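Asker: no sequence on this one, just coordinates:
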């Protein structure tokens, strides 16, 4: 209730004035609500952008890790094949040396007919 200054008595505010005050309060509240809704939408947009960025970064990191693993596997496969070839070459050399040694011993003992044929063709 408002106080009438002239006679000091309490009087009810005018209905039109009360309605204007009520409408003004409503507009202020609606503007605050709109402002908060805009803030909420902006925060949601920012959150969505951060989530997208995180997902893209994670996918990129996952791809890089898969590529690194694949590269490492390929390097291991190449090194394994290189070692296999090295071992196979050494094994082939060892077998050839054993065969030559065996053939030489057979030739020395005269037990291998191929040596006799070879000596005849060279003579």
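Answerer: Noted; the coordinates are in hand. All of these numbers come straight from a predicted model, not from anything done at the bench.

Asker: Report the mean per-residue pLDDT for the longest helix along the chain.
Answerer: Using DSSP state H, we find that the single longest helix of the chain is helix 15-109. For helix 15-109, the mean per-residue pLDDT is 92.

Asker: Just name whatever secondary elements that helix is in contact with.
Answerer: In terms of contacts (3 or more C-beta pairs under 8 Å, 6 or more residues apart in numbering; DSSP states H and E), helix 15-109 is packed against helix 113-122. No exception for glycine: its C-beta is placed from N, CA and C like everyone else's.

Asker: Return the distance of the most centrally placed residue in the chain relative to residue 54.
Answerer: Geometric centre of the chain, nearest residue: residue 62, 1.3 Å, by C-alpha atoms, centre = their mean. Using C-beta to C-beta, to the nearest Å, residue 62 is found at 12 Å from residue 54.

Asker: okay, and the common contacts of the two?
Answerer: Both residue 62 and residue 54 lack any common contact, where contact means C-beta atoms under 8 Å, 6 or more residues apart in numbering.

Asker: buried stuff in stretch 42-52?
Answerer: Within stretch 42-52, no residue is scored as buried using 16 or more other C-beta atoms under 10 Å.
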